[in-house]
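S.K.: sequence unavailable; structure follows:
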Ligand SMILES: Cc1cc2nc3c(=O)[nH]c(=O)nc-3n(C[C@H](O)[C@H](O)[C@H](O)COP(=O)(O)O)c2cc1C
Ligand code: SF4
Ligand code: FES
């Protein structure tokens, strides 16, 4: 700690920080642009100037850029000094010389850092009377809009896009006051994290193009804290609504999870909520063509359940609550996981590893701090994008710990650090069968079959600790690599092993677990991060349930005849033939979902379920962190949370426990009490009767406008605002004006801080944890009881006439919900099958030629993409991509042409 | 009068080749430091000689070197860079040394490299110096062949490589940290200091950047000692200095004279005084980014201390003369156009402020100036000072402006009140 | 397409620096030497060769005023427009060139012979006004000499 004097008042601040961070952390208002807590300082904008005095006797002082000054004990500073204020106002004046002053038509207006800073500096008269320079804007793809004239050249976009996120197609061009931030030519921004530009940019240069389609000012949005439903990382989001449609997703800062950023799937995948494919009315097929109403549907459903022998199929994309109530309703024995059997086993295994292993699973922020990383069988950019972004930061750790601290350069001195470190990176090893965007950072990559990856992993574990089983028959090269990886992990302060379920290979998971456990046995503070398929895969596994296969068997064997399917398209979980056979054998099919799909087509009774934005619930991410999401707005239609429907059914059917629930809180309490693993969920957020000074937390900012007028087109009498029975949030602007508990922040706003930079005011220190702790409750801590797995696989042997089909994943295209979002649709690749380049030559196939094959009776004919990394004898099939029918992968595909692998020289295996 | 730097330079004649250079004592200093002196001794000698950097800032060369980490733990390789970017308007002194005696520079660079134990060195030459490029390329080649460069120089165990790097424009590249970025193949934005290049410079390694003239002094200091060097000067600041004069004088040119020669002497004795029909109005003592001096300053000795005391900087020591028939507003406008154009665009005040200043000056010059324009100019001179902008370019730009506003304010006001440039003959009253 | 010789030269520059990207300016110079300017296509070729994206390389290329990202004539005239040349009346030289070549700054003559560009101080202020055509420096210029000088460049 250090004592500094700001305008003659002493403050205790953290030593080593820069002065700007220190001032902001103290809650003082000091304007800035080029600084960003996640990216440090470069001193370009000169907005953060303060007076610094040599000592008590120095009355004159000198202007310094606070972001570039390290706090020193007894430092004397003035923010209020006239000259400093004048300078800061002039900085705005300079920036305004070329700014178009088009706030009225600018999407950033009302959440604009430039507006906020302009007001903060008190610059209000324009002295510049000459021409302004103008630019031509670029087309940047479906996600972002470009309006270069508004640019204030703070460099944050390039620093974020290039330096932080590793993008290569956005840069700064030209010099002096002709700087241009954009692409070399018009085109889609390639980075999977491009959307963050909209928040990183302090003005309206990069704005959310999807918001533009149905534009609403921030102050006119009704917002709620939400959790991203598009992968297992569980980034915290803010979802904004107006006129009953979801308008945008922005980042909700969580100091342990996503920090300041989101991936593009998470940010732009939301539009499925507004899609025409939404189920908005209950439907009882026997009563068609009449649409049904809620009570008819409930009646039909309850009689169907009463009459039948019922099983339930849950969903990894539905909330814990919905799955739990379904489980209650159908009974423990009849609850099945609505996931493919491969996924079921793999997620269960992942859960087992996290629970019984010796290594903790890290938060994303801890991942960033890892100084040695080994990734087995995951293409993170496509399976857990934000984890990939965190790994990208982690390769900076070792140079930071060694060189930078030796040179005595504070880490926030961003440019200086990068100039010192140049291209040096810490150890990162990636073993996979396909390339990934992180490969460019890797110390070594290893491409081979999943079993070979597992074998390498087992070898690494064995090198780290001899109790982990040995692997026989590795090549010299593989042994060398295993040793190198083992050494790098052992040499690190915070070694990290990353793996997951996306390769469909449990041996890879076991190998990863062995490495982590071996490291722990060597007294290293090792951590292990495992990616699971969907947003609540982990929660579903913790809830427990049977495999999907047994659900099919139950009906086919006549044990059951009625099925309740929760938020699930079974055609994405099992082969079409199996699912059709199953559904055709059911007497009654009840489906709850928010989108129409192949399974809802078959439903006898379809209940419109609320998607995330219209629902309250809890998800458990891959870290085992339970996170609460809140309804953004109640829909006027007959849509409600699945758990709500199911609880109503339970009440109608006089289920003793369910009928006793008075609301959401009781449900959660019952779940937490019943399932010990989920006990922590209760502490996730304050209960619905929580009030601050008797008031609710408003979802709408206090400048929300048009409440009386917004429905005047339908009815001149203003409707009574709905009240929220399930949370302490109000749907209006009325309520407590101060800061809510960290788990319930509907938007970041503070007086003078309308932009997202207001986040500063909610943090314990800038860039640190939220006040009151970051949201979410970690449910899993390792017991350290697991023994080393002995399941070292054999080498892969190719099979004549076959290809071993491996799953490939796409950030845009592999996930069900975001695939229904128009901007994402524009980025989904065309269906293909990836085969080894040498195999393609052997099969006389050129890029783009069609390859016919079948998997478990499902026939495929797909254009070929050749790959140098897909191992010979295997192939890659994109998972979940529209136009690629489901197959449970990995699996042998039978080629419709004969090919004899035996004749080939054995390649790497 | 001793002229160590230019003694072997004859304008218009090819520079001495290696043999000839050796014959007049060339490379003796290299032999001496390699055989007889430790790097620290070289550093101390240079510090004692009072040699101050000739690139403009006048920082003590020996002191600058002493910040380079030495010893076995220091990062390697270390770099030495000769700053031969010379793009400051009105400055043409390094050209003389580069074209006239490249071996002298190479010799000085070897000495400097040895003093900081650098193993790789660069000459960062501006693009326009074609002849210099040719001569230096040849001289480096000769030096390699003679064993003054390369591995194990003269059997001393000291290695040094030397490369010529020619720039592709931009005045910014002369700023030492921007220069490093340019050498690394990046945009020539300056870098934050600290960390100083001495610690984290080229490719993140310890680096010294010295001006050509600074480096050319080194062989002579090594050969003749610190006391000799100090005695070359007439004042506190040691050595000789290459002074230049351009503008409406009879004999513009560049001369090596004892440090501290008075402005008047340089102007009258060497530059031959003002051209007939022109009167002296003011001068920039050392390139475009120094404050104006006027008549009353003519008897000042041209050294760092005296010029600074008069409110200006000696800068590069090459003076630009403003005569009575040249409009001071136009003069300053030309300078600001240059600085605005050459701003790297990194920091706000410089990127946005200089074009604004330029536009105002143009407006004033055209007779479209307004009284409030002067206030805007004043706040720029106040707020574009050192520390307020990221590097010294914009503060440099403000020096001629602020002093013009001080010494020639009536001329600015006349433009504004009379709505035309009093120096423009083309102008006719409109009524 | 980079020629074999260009690749050879670039390889040499790459051998002198820690990473190929560090040699990107040298690579641009080499290509500009042959082609006179850096076309979008050349930019992509060079970028690929040194392992950069076109945007990253263009960011560097567009910073420097002597990397030409637009076609130039067979000869490039750089007129010094800095202070001493201005004092010494370079504007007459410039205007004469404007009239004579029928172009202004930034333009190329119709026959592709000359491109005219302003340039900051050429470092020969004692001989102002000055200009450079390709590699040749002309000092102490008068308008009268210009025609004769231009003839030398075809
Ligand atoms: C904008 C700017 C341009 C500069 N240009 C040059 C230059 O062309 N040549 C030079 O030697 N120094 C130049 N300098 C000064 C250098 O930054 C640096 O101080 C000098 O090279 C150090 O050498 P010295 O210590 O030998 O003087 C420039 C400084 C600035 C701020
Ligand atoms: S003062 Fe600022 S914009 Fe100007 S050259 Fe220096 S860093 Fe660049
Ligand atoms: S925030 Fe300090 S200079 Fe930009």
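M.R.: Thanks, I have it. The model shown is predicted, which means the values in this text are computed figures rather than measured ones. Ligands and ions are numbered 1, 2, ... in the order given.
S.K.: report pLDDT for the residue in chain C that ligand 2 sits nearest to.
M.R.: Of all residues in chain C, residue C:63 sits closest to ligand 2, at 11.2 Å by CB to the nearest ligand atom. In short, each C-beta sits where N, CA and C put it, glycine included. At residue C:63, the pLDDT value in this model is 98.
S.K.: swap in residue A:404?
M.R.: 89.
S.K.: thought it was touching residue A:411?
M.R.: Yes - contact status for residue A:404 versus residue A:411: in contact at 6.3 Å, counting by CB atoms under 8 Å.
S.K.: shared neighbours of the two, anything?
M.R.: Listed contacts common to residue A:404 and residue A:411 are residue A:417; contacts here mean CB atoms under 8 Å, 6 or more residues apart in numbering or on different chains.
S.K.: what about the residue of chain C closest to ligand 2, how many residues nearby?
M.R.: By other CB atoms under 10 Å in any protein chain shown, the residues close to residue C:63 number 28.
S.K.: quick one on the thing from earlier: who has more neighbours, residue A:404 and residue A:411?
M.R.: residue A:404 (21 against 14).
S.K.: so how far is residue A:616 from the closest residue to residue A:725 other than its chain neighbours?
M.R.: Nearest non-adjacent residue to residue A:725, counting by CB to CB, 6 or more residues apart in numbering or on different chains: residue A:663, 5.3 Å away. Separation of residue A:663 from residue A:616 (CB to CB, to the nearest Å): 10 Å.
S.K.: looking at these two now, which is surrounded by more residues?
M.R.: residue A:616 (26 against 14).
S.K.: dump the residue contacts of the closest residue to the more buried one other than its chain neighbours.
M.R.: Leaving aside its sequence neighbours, residue A:616 sits nearest to residue A:726 (CB to CB, 6+ apart; 4.6 Å). Shown in contact with residue A:726 (CB under 8 Å, 6+ apart): A:616, A:631, A:663, A:664, A:665, A:688.
S.K.: give me the lowest-pLDDT entry from those residues.
M.R.: Within those, pLDDT is lowest for residue A:663, at 92.
S.K.: give me the pLDDT for the nearest residue to residue B:266 once chain neighbours are set aside.
M.R.: Closest residue to residue B:266 apart from its sequence neighbours, by CB to CB, 6+ apart: residue B:243 at 5.1 Å. In this model, residue B:243 is scored at 98, pLDDT.
S.K.: mind listing what the helix or strand containing residue B:243 pairs with, with the direction of each?
M.R.: Secondary structure from DSSP states H and E places residue B:243 in strand B:240-246. Using DSSP bridges, strand B:240-246 pairs in its sheet with strand B:253-258 (antiparallel), strand B:318-323 (parallel).
S.K.: quick one, domains of chain A?
M.R.: Domain ranges of chain A: A:2-96, A:294-339+A:547-623+A:644-674, A:345-533, A:802-903, per automatic domain parsing.
S.K.: if I pick the residue nearest to the spatial centre of chain C, what's in contact with it?
M.R.: Geometric centre of chain C, nearest residue: residue C:66, 4.6 Å, by CA atoms, centre = their mean. If you count contacts by CB under 8 Å, 6+ apart, residue C:66 has them with B:127, B:167, B:168, B:169.
S.K.: the longest helix seen in chain B - contacts with which helices or strands?
M.R.: What stands out as the longest helix in chain B, according to DSSP state H, is helix B:212-231. Applying 3 or more CB pairs under 8 Å, 6 or more residues apart in numbering or on different chains; DSSP states H and E, we find helix B:212-231 packed against helix B:28-36, helix B:39-48, strand B:79-84, helix B:93-100, helix B:102-116.
S.K.: run the last query once more with 6 Å
M.R.: With contacts taken as 3 or more CB pairs under 6 Å, 6 or more residues apart in numbering or on different chains; DSSP states H and E, helix B:212-231 sits against helix B:28-36, strand B:79-84, helix B:93-100, helix B:102-116.
S.K.: for residue A:394, which non-adjacent residue is closest in space?
M.R.: Using CB to CB, 6+ apart, the nearest residue to residue A:394 is residue A:370, at 4.4 Å.
S.K.: quick check, the one you found in a helix?
M.R.: No - with DSSP: H, G, I helix; E, B strand; the rest coil as the criterion, residue A:370 is assigned coil and is not in a helix.
S.K.: number of residues surrounding it?
M.R.: 30.
S.K.: same thing with the one 4 residues further on?
M.R.: Neighbouring residues of residue A:374 were enumerated by other CB under 10 Å; the total is 29.
S.K.: look up how far residue C:53 lies from the closest residue to residue B:219 other than its chain neighbours.
M.R.: Of all residues not flanking residue B:219 in the chain, residue B:29 sits nearest, at 3.9 Å (CB to CB, 6+ apart). To residue C:53, residue B:29 is 47 Å away according to CB to CB.
S.K.: mind checking the SS state of residue A:10?
M.R.: strand.
S.K.: so what sits opposite it in the bridge?
M.R.: Per DSSP bridges, the residues bridged to residue A:10 are residue A:5.
S.K.: for residue B:23, give its distance to ligand 3.
M.R.: Residue B:23 is 56 Å from ligand 3, where distance means CB to the nearest ligand atom, to the nearest Å.
S.K.: tally of neighbours for the closest residue to chain C within the stretch 251-400 of chain B?
M.R.: In the stretch 251-400 of chain B, the residue that lies nearest chain C is residue B:252 (3.8 Å; CB to the nearest CB). Using other CB under 10 Å, residue B:252 has 26 neighbouring residues.
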